[in-house]
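1. next input, structure requested:
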Amino acid sequence: MKKRVMPWAKFSLCLVLLLFFTPAAQPRLTPPWPQQHIPVFEQPGRVMSGSPEQMIVAAIDAVRQGRMADARATIDALLVKEPNYNLAHLVSADLYAMRAAPLASLGGAAVDAPRDRLDDLKREAQMRLLRHVAPPPSDRLPAQLLVLSPAQTHAVVVDTSAARAYLFKNVDGVPTYVTDYYVTIGKLGTDKNKEGDQRTPLGVYFVTSHMSRPQLDKIYGDAASLYGVGAWPISYPNELDRREGRTGHGIWLHGVPYDTYSRAPLASNGCVALTNEDMTALARQLSPGSTPVVNVTRVEWLDRASWDARRASALARLESWRTAWESVDTERYLSFYGDRFTDQDGKTLASWQKQKLAVNAGRSWSKISLGQVSIFSTSGENATWVATFDQDYRSDKVNNQMRKRLYWQEEDGAWKIQWEGRARAG
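-> Okay, the predicted model is just below:
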């Protein structure tokens, strides 16, 4: 038997279902919604203030609760503030259309809109609303940021599945949450492998430079409009990417065209794009040459005790490697290297072993110190620790200083070094 559903209740229910179509980690929003009548649109509404994202979420929530006048007033105020906000225009059109007839879904008033464009806006609405029903946990720390060097005042972790970039401040070595931003990633998702695949790379990278809008205009002409307020290139491909044969270049953090407020969650050619307002705010905390940008499929949040333990484990492993090398105990030192190891010059594990055995045979002592240490991590099938530090090596034969990087991955139940060499950034 079919139940009668008033037009406004029907719209509210469909809107919520559309915004929460992903099974995992979705809030449970239960009907019935209040039955609405045309007069609710004529009543004075209350404008919910805040950022554009807070306002669009508040307007959608007002529809869910049957507060149509509040939704209308908030959307109108938002469009005065951000006249190029396409998602707000979509909700506005639906609110007007609902006066005359019920709508089957969010965007029901946009009957002539291209289907892919409408789906993009629905995905954007979903991502923005999900952030506000499941905000980042205030009592947890990101497993991706284990050790920040004193020079790294801030760090960025991009959660590609949630379309969010999280900004953390370095407070006495502890990554402390500051804020987060909605982002756009590659059209075809993540795990970039080759030039032009329209995917966003996963891994540990560093901001390398800043390209202002005037610079972009000079280089790219009209095409520079894609980047909005400017671009901040990151170090893709990193050293491990190159070892694995990943290709491509020009992966940036950047803004969006001035004629739009934001882009869909999957819309870039592989870069991470933010609204111009958000990119401007984030840029104030980016230091080319040092700020890490860790791209992952999902942020792993740890309680403080678990984070401390994982941090201590990573530092202890690095220190064990250092002391083994310093002790000129070649066998113990080489036990830290994985079967797939290569160095910056392409030496395999066998070549590395041969070289180290020959070098240490004529050496009586060495002294090695590590400074400005940072350790960042990724998770998943090929979980990786990325350790970077200033290395000061002294022995009876040679003295050498360099900024070095080690990539560690698990092998046979232990973390082993898979790449070693000079750090290109960070």
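
2. need the longest helix for the chain.
-> helix 304-326 (DSSP state H).

3. isn't Ser364 right up against Asp396?
-> Yes - with contact defined as Cβ atoms under 8 Å, Ser364 counts as touching Asp396 (5.3 Å). In this view, the C-beta of every residue, glycine as well, is placed from N, C-alpha and C.

4. can you give me the strands for the stretch 301-426 of the chain?
-> 301-302, 337-343, 366-378, 384-395, 399-411, 414-422 (DSSP state E, counting those that start in this stretch).

5. shouldn't Glu53 be within a helix?
-> Yes - applying DSSP: H, G, I helix; E, B strand; the rest coil, one finds Glu53 inside a helix.

6. out of everything not next to it in sequence, what's closest to it?
-> Arg128 (5.5 Å; Cβ to Cβ, 6 or more residues apart in numbering).

7. what sits against that neighbour?
-> Shown in contact with Arg128 (Cβ atoms under 8 Å, 6 or more residues apart in numbering): 53, 56-57, 87, 182.

8. following the chain onward from the one helix or strand it maps to, which element is next?
-> Using DSSP states H and E, Arg128 sits within helix 115-133. Proceeding N to C from helix 115-133, the next assigned helix or strand is strand 141-142, under DSSP H and E.

9. what is that following strand packed up against?
-> Where contact means 3 or more Cβ pairs under 8 Å, 6 or more residues apart in numbering; DSSP states H and E, strand 141-142 is packed against strand 174-182, strand 301-302.

10. so which of those gets nearest Arg405?
-> Distance to Arg405, taken as Cβ to Cβ, is lowest for strand 174-182 among these, at 19.7 Å.

11. contacting residues around the closest one?
-> Outside of strand 174-182, the residues within contact range by Cβ under 8 Å, 6+ apart are 53, 124, 127-128, 131, 136, 138, 141-142, 145, 148, 154-155, 163-170, 262, 274-275, 278, 281-282, 285.

12. circling back to that earlier point, neighbour-wise, give me the winner out of the contacts of Arg128.
-> The most crowded member of those, judged by other Cβ atoms under 10 Å, is Ile56 (28 neighbours).

13. distance of it from Glu411?
-> Note on Ile56: its distance to Glu411, by Cβ to Cβ, to the nearest Å, is 47 Å.

14. and if you look at Asn295?
-> To Glu411, Asn295 is 23 Å away according to Cβ to Cβ.

15. so for these two, which sits in the more crowded spot?
-> More neighbours surround Asn295 than the other of Asn295 and Glu411, with 26 against 15 (other Cβ under 10 Å).

16. wasn't the more buried one part of a helix?
-> No - membership of Asn295 in a helix is not supported by three-state DSSP, which gives strand.

17. which residues touch it?
-> Contacts for Asn295 were tallied using Cβ under 8 Å, 6+ apart; they are 158, 160, 190, 200-203, 205, 272.

18. please apply the same query to Leu286.
-> Residues in contact with Leu286 (Cβ under 8 Å, 6+ apart) are 154, 156, 207, 210, 232, 253.

19. which among these count as buried?
-> Taking 16 or more other Cβ atoms under 10 Å as the criterion, what is buried in the contacts of Leu286 is 154, 156, 207, 210, 232, 253.

20. report how many residues lie close to the residue nearest to Asp390 when sequence neighbours are not counted.
-> Once flanking residues are discounted, Asp390 sits nearest to Gly371: 4.3 Å by Cβ to Cβ, 6+ apart. By the criterion of other Cβ under 10 Å, Gly371 has 12 neighbours.

21. repeat that for Arg246.
-> Neighbours of Arg246 using other Cβ under 10 Å come to 19.

22. ok, it to Ser379 distance?
-> 19 Å.

23. tell me the pLDDT of the spatially most central residue of the chain.
-> Closest residue to the average C-alpha location of the chain: Val158 at 0.8 Å, with Cα atoms, centre = their mean. For Val158, the model assigns a pLDDT of 98.

24. so it is in which element?
-> Using DSSP H and E, Val158 maps to strand 154-159.

25. quick one, helices of the stretch 151-300 of the chain?
-> Ranges of helices within the stretch 151-300 of the chain are 213-220, 239-243, 276-283, based on DSSP state H, counting those that start in this stretch.

26. what separation do you get for the closest residue to Gly380 other than its chain neighbours and Tyr407?
-> Distances taken as Cβ to Cβ, 6+ apart place Thr297 nearest to Gly380, at 6.6 Å, with adjacent residues excluded. Per Cβ to Cβ, Thr297 is found 19 Å from Tyr407.

27. which of those two has more neighbours?
-> Taking neighbours as other Cβ under 10 Å, Thr297 and Tyr407 compare with Tyr407 leading, 23 against 16.

28. do you know how far the more buried one is from Thr342?
-> Between Tyr407 and Thr342 the distance is 10 Å, computed by Cβ to Cβ.

29. coming back round to it: quick check: neighbours of the strand holding Val158 in the sheet, parallel or antiparallel?
-> If you go by DSSP bridges, strand 154-159 pairs up with strand 164-171 (antiparallel), strand 292-296 (parallel).

30. all set, thanks.
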